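# sequence unknown, structure follows:
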């Protein structure tokens, strides 16, 4: 089921998500809904808080639309290693019609659980590394605009307010 994506400045987006204690049918349904919602919105990642569920679950698919989907599901993801620097343009399904360059790590190693409760490790660079950092930030209540300098963040808030008022 496609769910509604919460948008800035919804306060749920600023809350830290809680770890998943048990992977069950409700978790699998959540992941299915998250994947459907992400694909429907043509995004490359989605975190559970973006659909109003305060759980540490993310889905990512950075494959090209004409390729076979390669869905990554991470439950309770954590970084075990980060290195290098990246400065790329990002957007967010929860901050529609706005993008900005963000400083991130160039490479990451992430450990998480899959839907079978097995520990999985992902080594990522490029768009996938950025997607992991972006989505795990959501689990911490951090939006990509929080990484902007104070001046750029204020400019964003004014511009975004205008965009919302204009519809």
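Perfect, I can see it now. In this text, all values refer to a predicted model and were calculated from it rather than measured experimentally. Numbers count the residues shown, from 1 in each chain.
# for the residue nearest to the spatial centre of the chain, what are its contacts?
Centrality entry for the chain: nearest residue to the mean C-alpha point is residue 135, 2.4 Å, by C-alpha atoms, centre = their mean. Residue 135 makes contact with 45-47, 58-60, 74, 77, according to C-beta atoms under 8 Å, 6 or more residues apart in numbering. Using the backbone N, CA and C atoms, a C-beta is placed for each residue, glycine as well.
# can you tell me which two in those residues are farthest apart?
For the contacts of residue 135, the farthest-apart pair by C-beta to C-beta is 46 and 77; their separation is 13.1 Å.
# Same drill for those two, tell me which one is more crowded.
residue 46 (29 against 23; other C-beta atoms under 10 Å).
# distance of that one from residue 162?
26 Å (C-beta to C-beta, to the nearest Å).
# and what of residue 7?
15 Å.
# and the lengthiest strand in the chain, what other elements does it pack with?
In the chain, assigned by DSSP state E, the strand with the most residues is strand 72-83. The contact analysis (3 or more C-beta pairs under 8 Å, 6 or more residues apart in numbering; DSSP states H and E) places strand 72-83 against helix 25-40, strand 57-60, strand 107-113, strand 119-125, helix 126-139.
# returning to that earlier point: and residue 7 and residue 162? Which one has more around it.
Neighbours were counted for residue 7 and for residue 162 using other C-beta under 10 Å; residue 7 has more, 15 against 9.
# Residue 68: which of the helices and strands packed on strand 72-83 is closest?
Between the helices and strands packed on strand 72-83, helix 25-40 lies closest to residue 68; by C-beta to C-beta that is 12.7 Å.
# What residues sit buried inside the closest one?
27, 30-31, 33-35, 37-39 (16 or more other C-beta atoms under 10 Å).
# Ok, stretch 47-56 next?
Buried residues in stretch 47-56, defined by neighbour count with 16+ other C-beta under 10 Å: 47-51, 53, 55-56.
# tell me the two of those residues that are most distant?
The widest separation within the buried residues of stretch 47-56 (C-beta to C-beta) is 13.7 Å, between 51 and 56.
# Return the list of helices and strands in contact with the helix or strand of the chain with the lowest mean pLDDT.
Lowest on mean pLDDT, DSSP states H and E among the helices and strands of the chain sits helix 150-166, with a mean of 89. Applying 3+ C-beta pairs under 8 Å, 6+ apart, we find helix 150-166 packed against strand 95-104.
# name the helices or strands packed onto the strand it packs on?
Where contact means 3+ C-beta pairs under 8 Å, 6+ apart, strand 95-104 is packed against strand 86-92, helix 126-139, helix 150-166.
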